[in-house]
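Undergrad: Predicted model, plus sequence, below.
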Amino acid sequence: MEMSLRPVSELRKDFAASGERDFYEWLSKQPEGDPYGGVPQKPPSIVKQVASLARAISDHAKHGFASCSEEELKARNRECEECSLLLPSGRCSVCGCFMKIKATWAEQKCPIGKW
Ligand code: SF4
């Protein structure tokens with residue numbers, strides 16, 4: 001049976017209410033086990049992070065450092081908040097970017113096409 005992943009926003013609330021200090025240790029103690037099925041939820045390698053950041057900055061410069069609209073930003077933030085690939089630190093585990101910043105840049109895209 002395939003287990004659906006709980007959005008990180010829900011996990012964060014439960015973790016905050018637990019009073020525990022280590023998110024990953026807390027995850028492993030959940031009744032259903034680690035809802036991520038043992039898949040480490042970490043940022044990508046440093047090399048990939050540097051490459052993603054360099055590409056994002058270059059694209060942003062090419063587009064005149066334009067910001068997206070309020071409406072678009074809300075929609076992007078909503079997608080990220082509900083995404084199981086968002087780390088508790090607010091970084092995307094696919095690209096490693098801090099989504100509160102990257103989502104404001106007009107030309108940026110979710111690396112898996114959610115926005
Ligand atoms: S950018 Fe995409 S993959 Fe990354 S956290 Fe947001 S919705 Fe998820």
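TA: On my side now, so go ahead.

Undergrad: Give the next helix or strand downstream of the helix or strand of the chain with the lowest mean pLDDT.
TA: Ranked by mean pLDDT, DSSP states H and E, the weakest helix or strand in the chain is helix 23-28, scoring a mean of 70. Moving toward the C-terminus from helix 23-28, the next helix or strand (DSSP states H and E) is helix 46-62.

Undergrad: Geometric centre of this structure: which residue is closest?
TA: The centroid of the chain falls nearest to residue 86 when counting by C-alpha atoms, centre = their mean (2.3 Å).

Undergrad: Wait, it touches residue 80, no?
TA: Yes: between residue 86 and residue 80 there is a contact under C-beta atoms under 8 Å: 5.2 Å. C-beta coordinates here come from the backbone N, C-alpha and C atoms, glycine included.

Undergrad: got any residues that touch both of those two?
TA: Common neighbours of residue 86 and residue 80, counting by C-beta atoms under 8 Å, 6 or more residues apart in numbering, are 92, 99.

Undergrad: The ligand contacts on the protein?
TA: Contact residues, the chain versus the ligand (C-beta under 6 Å from any ligand atom): 79-80, 83, 85-86, 92, 94, 99, 110-112, 114.
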